[in-house]
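>>> Predicted coordinates and the sequence they were generated for:
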Amino acid sequence: MVRTVTKEKQRTFNVAIVGFGPKGFYAFERLLAQLKARKVQDPVAIHLFNQNKFFAAGNVYRPDQPSYLLMNYANSNINCWTDEGPPAILEPTPDFVSWLQSKPEYTREAKDEAFAPRALVGTYLMESFARLCSRLPTNIELVKHIYTVTGIEKAENKYRLYTEGNNSCDYPEFNKILLTTGHLGCGAGFLEEIQSNRFIDFIYPTHLALEHIEPGAKVAMQGFGLTCIDAILALTEGRAGEFTVNQSGEMTYRISGKEPKKIYPYSRTGIPMMPRTGSLEEKQPLCFFAADRIKSTEPVSYDKSILPLIIKECTVSYYKVLFKDYRWRLLILPEYESILEQIKVFHNYNPEAERFNWEKLLDPFADQSQLTHMEVADTIEKLLVEAEKGVEKSPLNAAFATWRRISSVFNEIYSFGGLDAASHKLFDRKYFGIFNRIAYGPPVKSMKKMLALAKAGILDFDFVKGATFEVEESTGTYGLLKVRSQKEQAIDYLINARIPRNNENETPSPLYRAILQKGIGKKFRNTRGGTYTPGCLDMDSRGRLVAADGIADEAISLYGTPTEGLTLDNDTLSRKRNNLASQWAIDVAQSIVLIEKDKNCIENDS
């Protein structure tokens with residue numbers, strides 16, 4: 001096919017943002033700000049590729065999802081705008097709470113400490129995007145494509161993109177590409193039509209993925225985290241079941257008859273997540289965990305250099321609150337031994353006080369091969385009590401919350417292979433999940449619903465630890481859920497209630513497979529003292545994709561979930577965490593300015 005291009009189109013600088021959820025929106029906003037600040041006059045076309053019509057919200061925050069699917073990020077933390085310069089191309093730029101306050105229909109939800117429905121956050125994001133679109137300068141063309149990008153090829157110093165059902169001739173050759181594909185790039189199968197399978201590999205959107213599960217079915221769920229909670233609520237509250245709070249404050253569940261008969265969650269450890277209130281936490285300085293001091297010994301060993309400091313910080317957090325309960329005061333001294341001496345004296349005077357135990361914090365059921373329904377329900381009840389006390393009054397909650405203070409500092413060490421290979425693997429495979437469980441759990445309200453469902457007989461924890469599933473359709477069901485050889489349960493549907501992450505051995509995204517196969521990019525390998533491949537594409541510190549030959553490509557950059565493994569904890573709405581968007585916007589704007597200058601020089605010479 002012959003590609004015909006007008007002179008105007010030849011002059012146009014073409015930019016593609018592939019995947020347009022919140023991260024794509026953040027990059028788009030910064031690019032507009034940079035272009036305005038540099039007074040760019042040449043034509044710029046910005047092409048946005050998204051799987052569906054929910055531009056800026058993406059799949060996770062799409063506004064058509066049910067209101068019982070909540071954030072686990074308090075309202076006060078949500079702001080799709082930034083205070084960095086140059087300023088946005090429009091005003092005002094309200095944070096989420098201010099936006100809620102400006103809407104009469106949402107003023108009741110406008111509380112800093114509340115956890116909003118994800119759909120409502122999506123509405124905020126999409127409205128912010130629409131406002132930006134309405135203020136575009138005349139030289140900027142915005143083109144939206146509701147397609148998933150599946151292929152790429154190099155065309156001299158530019159790139160061609162392919163989408164499902166389309167070839168590269170449908171799009172211009174791109175000068176700059178930003179990949180913000182989110183979980184979709186890791187293999188998350190966000191659906192656009194109702195499913196009918198016995199095995200549900202991905203639960204979102206829940207109204208399409210789970211609708212075919214009939215009332216009275218027996219359902220197993222692999223995973224016991226936030227995604228599991230979403231799936232459980234979709235099969236209960238989403239089917240006209242009702243949660244009510246009685247006079248004593250206990251939440252109960254009224255069965256609708258449309259739910260599954262039983263839901264059996266199971267995971268490797270069977271440990272419930274620590275629920276959270278959205279209360280603002282006092283920002284206390286860390287005592288021992290300092291990035292500069294730790295990084296001076298790179299490559300850093302997690303076991304030798306990191307873990308001992310995490311334990312120290314958690315110990316201090318725990319005892320600061322416990323001492324207060326007994327009207328004692330822990331003196332924070334530079335020498336940790338002095339703190340341990342104070343703790344020793346405290347327990348001599350108060351032998352009944354529960355001691356801090358790191359191993360118990362990680363896994364209170366480590367010495368048990370299986371758990372009973374009541375053990376798990378009791379644990380959830382205890383965690384709820386501690387969560388509602390808050391970090392100021394619960395020693396356990398204070399210890400759990402310590403990771404939220406450490407995380408950003410640890411990210412400085414972790415990013416771009418700061419750990420040695422063995423430590424990098426250890427953290428990704430073991431500690432990443434542990435810290436998510438203790439520090440980034442669901443809202444208290446959601447966990448109370450789990451407890452109510454357990455008491456109503458819908459949710460069953462008897463298989464929660466260490467169960468395995470075997471397909472066995474000859475039984476008339478889908479398969480059997482087993483705990484070793486001690487007990488088994490016939491199951492009608494199996495749900496994978498986990499979110500896929502970058503994987504060393506798999507590349508489920510056709511786009512990323514094409515990037516690897518053509519040498520446009522390569523997977524990052526940590527070779528410091530060993531070898532570990534976390535599964536993400538390699539990039540430099542500016543977010544530019546590193547090709548198979550080891551050279552960073554000026555044309556392609558990464559941001560958000562595609563960088564997970566080289567950076568940490570991208571599954572957040574934060575504009576500051578791993579902010580590669582601002583650097584990308586600067587790079588793109590500078591490239592356009594250079595082209596303008598070259599063009600002006602040529603015109604002046606002629």
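Perfect, thanks for sending it.
>>> How about residues contacting the strand or helix carrying L322?
Here L322 sits within helix 307-325, counting by DSSP states H and E. With contact meaning C-beta atoms under 8 Å, 6 or more residues apart in numbering, helix 307-325 is reached by 286-289, 294, 329-330, 332, 336, 339, 342-343, 346, 353-354, 356, 358, 361, 391-396, 398-399, 401-403, 405-406. Heads up, the C-betas are built off the backbone N, CA and C, glycines and all.
>>> From those, which land in helices?
294, 336, 339, 342-343, 346, 358, 361, 395-396, 398-399, 401-403, 405-406 (DSSP state H).
>>> Report the buried members of these.
Among the ones in helices among the contacts of helix 307-325, those classed as buried by 16 or more other C-beta atoms under 10 Å are 294, 336, 339, 342-343, 346, 361, 395-396, 398-399, 401-403, 405-406.
>>> Now compare those and name the two farthest from each other.
Pairwise distances across those (C-beta to C-beta) peak at 28.9 Å, for the pair I294 and F346.
>>> Which positions in the helix holding L322 come out as buried?
Buried residues in helix 307-325, counted by 16+ other C-beta under 10 Å: 307, 309-323.
>>> same deal with stretch 241-252?
241, 243, 251.
>>> Could you dump those residues into CSV and include secondary structure, pLDDT and distance to L235?
What follows is the buried residues of stretch 241-252, written out as CSV (DSSP: H, G, I helix; E, B strand; the rest coil; pLDDT from 0 to 100; distance: C-beta to C-beta, whole Å):
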residue, secondary structure, pLDDT, distance to L235
G241, coil, 98, 9
F243, strand, 98, 14
M251, strand, 97, 17
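>>> wait, which of these is closest to I89?
Using C-beta to C-beta, these come closest to I89 at F243, 43.7 Å.
>>> That closest one touches S256, doesn't it?
No: here F243 lies out of contact with S256, judged by C-beta atoms under 8 Å, at a distance of 11.4 Å.
>>> contacting residues around the lengthiest helix in the chain?
Assignment by DSSP H gives helix 581-605 as the longest helix of the chain. Residues from elsewhere that reach helix 581-605 (C-beta under 8 Å, 6+ apart): 13, 15, 23, 26-27, 30-31, 33-35, 37-38, 40-42, 44, 82, 84, 175-176, 178, 542-544, 554, 557, 559, 575.
>>> Restricted to strands, list the residues you listed.
13, 15, 44, 176, 178, 544, 554, 557 (DSSP state E).
>>> Contacts only, for the first one.
For F13, the contact set (C-beta under 8 Å, 6+ apart) comprises 42-45, 175-176, 591-592, 595.
>>> Emit the PyMOL select command for whichever of these are buried.
Buried residues within the contacts of F13, by 16+ other C-beta under 10 Å, are selected in PyMOL with:
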select buried, resi 43+44+45+175+176+591+592
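>>> Quick check: of the contacts of F13, which lies closest to G476?
Nearest to G476 among these, with distances taken as C-beta to C-beta, is K176, at 56.3 Å.
>>> Tell me how far that closest one lies from V245.
Relative to V245, K176 is positioned 53 Å away (C-beta to C-beta, to the nearest Å).
>>> among the contacts of helix 581-605, which ones are buried?
Buried among the contacts of helix 581-605 by 16+ other C-beta under 10 Å: 13, 15, 23, 26-27, 30-31, 33-35, 40, 44, 82, 175-176, 178, 543-544, 557, 559, 575.
>>> Save the buried residues of stretch 241-252 as JSON lines, and put in distance to A74 too.
Shown next, in JSON lines, are those (distance: C-beta to C-beta, whole Å):
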{"residue": "G241", "distance to A74": "26"}
{"residue": "F243", "distance to A74": "21"}
{"residue": "M251", "distance to A74": "20"}
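>>> which one among those gets closest to T563?
F243 (38.2 Å).
>>> Which strand residues bridge the closest one?
Beta-bridge pairing for F243 (DSSP bridges): Y253.
>>> Now for it: which residues touch it?
237, 251-254, 449, 452.
>>> Restrict the residues you listed to the buried ones and give me that as a PyMOL selection.
In PyMOL, this line selects whichever of these come out buried by 16+ other C-beta under 10 Å:
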select buried, resi 237+251+253+449+452
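>>> Perfect, that will be all.
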